[in-house]
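Engineer: Could you look at this predicted model? Sequence included:
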Amino acid sequence: MPSTKIRPLEEKDFPELADLLNEGLEIDPEVWIRRFDMWWTSNPWMDESIPYGWVVENGNSGIVGFMGNIPVKYQINGKDGIAAAGTSLYVRPTVRGFTSLQLVRAFEKQKNINLLLNTTANETASVIFKKFGFTEHDVPYNNLEYWHIRDFGEIYNLYTRTSIKSDRIQLLAKIPLIPIKLASPVVRWIKDKTTFKSPPDHYECSLCMDCDESFTELWENNRKNNTTTICRDVETLRWLYFSDAIAEKRNVIRCIDTRNDKLVGYFVVDVPCTETDIKIMHLKDAYIPLFEEGIVQSLVEFSINLAKSNNAAAMAFWATDQKMDDVLKKRVMIKRKHKHAYLYNFINEDDESELKEQKHEFIPSPIDPDRGIL
């Protein structure tokens, strides 16, 4: 059997890599090529000193394994730096085992990076990263999602398709689907017509097609020392929110205080582009640095109306902290336990021990490159 070797990924490898990931993860090569463009070619924080990632070659078999490396601007302990998100770890079954560990080792040993992130939804990968000293963080807050469901028939159908593996039980589970589907239009009409406590009149929400300097101003005016979190400057946000790979599905909802015409917060919501499958909208990012219940109320109401206008079966929310969680409890009654993979590890920090000893806050961002795209 030919020996394997690991080397940095090169741009000429993109087509072959897209075919490999299509084979292993069942996502079209064209989708992977668009992602590669966002992750690396169009990434404002990419430079020659940072690898695109690493591939495993196995003699004449070509590329048989891969782990991606996406740089992103982060505030690390109050100072600007670069974090790297590991993505799409995949190795062909014939060469798995020690080879997977070698890929993670290459990711963990890279230079010019201060913080490593892993948000790939893979239990095996999470176990491997923990062995390399990564710390797990609860994402979302309290591991809870809040679901505003407009079409119970479609959601019940989705549940039976994805959660019940036995064909016999699945057949039995479809029996209640008939009355649920019959009642769903009435329930949807009632939910769409139901009004709740109106948000304050001075908060006005709208969709925006770009991030302007008001987003940077909101971020710079509310940065905290001794905090590690994603940087929310215009250049970073434009890349994460409006790149070609995700622009069709991503919607940025800004909230303005009309008393002073200032941006006070925003939601980022993904609307699936497909017309053939069950459409579920997801909250992908939320930033409200100076909390006020009315801001959250306004953004939630606008998001629910957006779900209605896009004929989505449901809209999934999550909270960033306890205050936002309290607001969501009042407005969205259905909740479920849900946990995203989120691990991090500080590297190349001269004061790493000091960082662990002092009062330091790590604020995870669900819009980190891997989670924000996949």
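Structural biologist: Alright, I've got the coordinates. Because the structure is predicted, anything quoted here is derived from the model rather than measured. Numbering: from 1, shown residues only.

Engineer: switch to C-alpha atoms for all contacts and neighbour counts from now on
Structural biologist: Will do.

Engineer: what's near enough to touch residue 312?
Structural biologist: Shown in contact with residue 312 (C-alpha atoms under 8 Å, 6 or more residues apart in numbering): 150, 278, 279, 280, 281.

Engineer: Based on its surroundings, how many neighbours for the first one?
Structural biologist: Right, the one you point to is residue 150. A count of neighbours around residue 150, defined by other C-alpha atoms under 10 Å, yields 26.

Engineer: thought it was touching residue 309?
Structural biologist: No. Judged on C-alpha atoms under 8 Å, residue 150 makes no contact with residue 309 at a distance of 11.6 Å.

Engineer: can you pull out the strands in the stretch 51-200 of the chain?
Structural biologist: Listed in chain order, the strands of the stretch 51-200 of the chain (DSSP state E, counting those that start in this stretch) span 53-58, 63-76, 79-91, 115-118, 135-136, 144-149.

Engineer: From the contact counts, what lies against the longest one?
Structural biologist: Contacting strand 63-76 under the criterion 3 or more C-alpha pairs under 8 Å, 6 or more residues apart in numbering; DSSP states H and E are the following elements: helix 14-25, strand 53-58, strand 79-91, helix 98-108, strand 227-230, helix 369-373.

Engineer: The helix or strand just after the first one - what's its average pLDDT?
Structural biologist: Put plainly, it is helix 14-25. Beyond helix 14-25 on the C-terminal side, the first helix or strand identified by DSSP states H and E is helix 29-36. Averaging pLDDT along helix 29-36 gives 93.

Engineer: What of stretch 224-234?
Structural biologist: 91.

Engineer: now swap in stretch 367-374 and tell me
Structural biologist: 53.

Engineer: And for stretch 305-323?
Structural biologist: The average pLDDT within stretch 305-323 is 92.

Engineer: quick revisit: please check the contacts of residue 312 and keep the buried ones.
Structural biologist: The neighbour-count criterion (16 or more other C-alpha atoms under 10 Å) marks 150, 278, 279, 280, 281 among these as buried.

Engineer: With respect to residue 324, which of those residues is nearest?
Structural biologist: Each of the buried ones among the contacts of residue 312 was scored against residue 324 by C-alpha to C-alpha, and residue 281 proved nearest at 18.9 Å.

Engineer: and the helix or strand hosting the closest one, how far out from the chain's middle?
Structural biologist: Here residue 281, judged by DSSP H and E, is contained in strand 280-287. Centroid separation for strand 280-287 versus its chain: 8 Å, with C-alpha atoms, centre = their mean, to the nearest Å.

Engineer: Adding mean neighbour count as columns, could you present the helices and strands packed on strand 63-76 in JSON lines?
Structural biologist: Listed next are the helices and strands packed on strand 63-76 as JSON lines, based on neighbours: other C-alpha atoms under 10 Å:
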{"stretch": "helix 14-25", "mean neighbour count": "17"}
{"stretch": "strand 53-58", "mean neighbour count": "21"}
{"stretch": "strand 79-91", "mean neighbour count": "21"}
{"stretch": "helix 98-108", "mean neighbour count": "17"}
{"stretch": "strand 227-230", "mean neighbour count": "21"}
{"stretch": "helix 369-373", "mean neighbour count": "20"}
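
Engineer: Out of the ones you listed, which gets the lowest mean score?
Structural biologist: helix 369-373 (a mean of 52).

Engineer: Residue 112 touches residue 49, doesn't it?
Structural biologist: Yes. Between residue 112 and residue 49 there is a contact under C-alpha under 8 Å: 7.2 Å.

Engineer: about what we covered before: of all the helices and strands packed on strand 63-76, which one comes closest to residue 144?
Structural biologist: Proximity to residue 144 (C-alpha to C-alpha) singles out helix 369-373 among the helices and strands packed on strand 63-76, at 16.7 Å.
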